[in-house]
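Asker: Quick one: sequence plus predicted model below, questions after.
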Amino acid sequence: MRFIQTQIFPKLVSEINRVNFAALCFGALFLGIVSQQALADPNYPNRAIKMVVPFPPGGPTDNYARLIANKMQEEWKQPVVVDNKVGGTGATGTLLVMNAPADGYTLLFTSNSAHLISPLLKMPPPYESVKDFSPISMAIKYPMYLLVNPSLPVKTLPEYIQYVKARPGQLNYSSVGIGSGGHLACELFNGAAGTSIVHVPYKGAAPAQAALIAGETQMFCDSVGNSQQMVNAGKMRGLAVFADKRSSAAPNAPTMAEHGLNGLAAYIWLGMLAPPGLSVDLQNKLSSTVAKIMATPDIASFALKGGNEIVANNPNQFAQQMREEKEMWAKVIREKNIKAE
């Protein structure tokens, strides 16, 4: 009996524990597979989808969200409702989506200014831009555009840099607000060009643009789509775009790199994300749908007229671009000691 107790019984217990552990592992794996299959419903979508936009109606993000929602509705024969949830510099709508079920029926359509830059200005950040979401696709992007008041005695970017350096701290630039894409782009330029143009924030694009035209400020970093009409009218002068290639909507504006300022790429993008944990199948299905929509002639024409570049990348590419961009803007914010309002 002692032999059985000391030799056989412990081995038997050990074997039973091993079998139980294997069974538990298999059970957990099986449940995980079943869970993923449940999320990746082959009949998706079979009811209404809500697309949250963390901006008021009427702006670029809202306009593109509605265009894409209408196309999705036509494609899937299910309602796709745009829901504007404004507040917290985009955080209100973003957090609503982050905490929603990961079933594909609540989506976020947003911009990098709200989704990626805004949290970098808050301590602690309200959410992590990549880890707390399931990326779907970046839909479009457009470069920032360096504009100056036409009364300045400069025609080119090198002339402007020389003019500014001869007047350190005497010139101002307007932006749509602290932490906006235009604000950070202008500071990116300050750092690369070795200039010290002073930031003057305004509450929105219209007053910031008006300030430049009136001569209250001497520089403004804005989108091509919003400003090229004023450039054509002679009310502003476009010196360069923060891009790796010229914009089709402003073909006469050189890139920063053409004047020796390499690596100065500053874009505003609009894209779609979902709550964390969305199945890979649904991520890919939604991403493919966005790509198909952005390739339709009417959407493509609308984007190009506004100086926008269609991206429509896949979830992995979108996530990687967000990680790289987040690192770049975090560095600018840290070096320039930019604080939220």
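Answerer: The structure has been received and is ready for your questions.
Asker: For the residue positioned nearest the centre of the chain, which non-adjacent residue is closest in space?
Answerer: Residue closest to the average C-alpha location in the chain (Cα atoms, centre = their mean): N112, at 2.6 Å. Closest residue to N112 apart from its sequence neighbours, by Cβ to Cβ, 6 or more residues apart in numbering: W269 at 5.0 Å. Heads up, the C-betas are built off the backbone N, CA and C, glycines and all.
Asker: quick one: contacts of the helix or strand harbouring the one you found?
Answerer: Element membership of W269 [criterion: DSSP states H and E] is strand 267-274. Contact with strand 267-274 is made by 51, 60-61, 64-65, 68, 97, 102, 104, 106-113, 115, 133-144, 181, 223, 242-243, 282-283, 286, 290, 311, 318, as judged by Cβ atoms under 8 Å, 6 or more residues apart in numbering.
Asker: Format the CA atom coordinates belonging to it as PDB.
Answerer: Extracted in PDB, the C-alpha atoms of strand 267-274 (Å, rounded to 0.1, in the frame of the first residue of the first chain):
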ATOM      1  CA  TYR A 267      -1.400  65.700 -43.600                       C
ATOM      2  CA  ILE A 268      -5.000  65.800 -42.300                       C
ATOM      3  CA  TRP A 269      -6.600  62.500 -42.900                       C
ATOM      4  CA  LEU A 270     -10.100  61.200 -42.500                       C
ATOM      5  CA  GLY A 271     -10.700  57.500 -41.700                       C
ATOM      6  CA  MET A 272     -12.900  54.800 -40.300                       C
ATOM      7  CA  LEU A 273     -12.400  52.800 -37.100                       C
ATOM      8  CA  ALA A 274     -14.400  50.500 -34.900                       C
END
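Asker: For it, the averaged confidence score.
Answerer: For strand 267-274, the mean pLDDT works out to 96.
Asker: mind starting the numbering at 102 from now?
Answerer: Shifting the count to begin at 102 puts that one at strand 368-375.
Asker: quick one: the helix or strand just after that strand to chain centroid distance?
Answerer: Once strand 368-375 ends, the next helix or strand along the chain (criterion: DSSP H and E) is helix 381-395. Its chain's average C-alpha position is 17 Å from that of helix 381-395, according to Cα atoms, centre = their mean, to the nearest Å.
Asker: domain ranges for this protein?
Answerer: 150-237+369-428, 244-360 (automatic domain parsing).
Asker: May I have the distance across the shortest one, first residue to last?
Answerer: Domain 244-360 has an end-to-end distance of 16 Å (Cα to Cα, to the nearest Å).
Asker: got it, and the longest one?
Answerer: The separation between the terminal residues of domain 150-237+369-428, taken as Cα to Cα, is 33 Å.
Asker: residues near K437, how many?
Answerer: Here the number of neighbours of K437 (other Cβ atoms under 10 Å) works out to 15.
Asker: how about the helices of the chain, start to end?
Answerer: 103-104, 110-140, 161-177, 192-199, 213, 219-221, 258-266, 282-294, 306-315, 325-333, 381-395, 398-406, 416-436 (DSSP state H).
Asker: Is it possible to get JSON lines of those that adds distance to N250 and mean pLDDT?
Answerer: Below are the helices of the chain laid out as JSON lines (distance: least, Cβ to Cβ, whole Å; pLDDT from 0 to 100):
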{"stretch": "helix 103-104", "distance to N250": "98", "mean pLDDT": "42"}
{"stretch": "helix 110-140", "distance to N250": "54", "mean pLDDT": "46"}
{"stretch": "helix 161-177", "distance to N250": "24", "mean pLDDT": "95"}
{"stretch": "helix 192-199", "distance to N250": "35", "mean pLDDT": "97"}
{"stretch": "helix 213", "distance to N250": "28", "mean pLDDT": "95"}
{"stretch": "helix 219-221", "distance to N250": "29", "mean pLDDT": "93"}
{"stretch": "helix 258-266", "distance to N250": "11", "mean pLDDT": "97"}
{"stretch": "helix 282-294", "distance to N250": "14", "mean pLDDT": "94"}
{"stretch": "helix 306-315", "distance to N250": "6", "mean pLDDT": "94"}
{"stretch": "helix 325-333", "distance to N250": "11", "mean pLDDT": "91"}
{"stretch": "helix 381-395", "distance to N250": "36", "mean pLDDT": "97"}
{"stretch": "helix 398-406", "distance to N250": "26", "mean pLDDT": "90"}
{"stretch": "helix 416-436", "distance to N250": "24", "mean pLDDT": "95"}
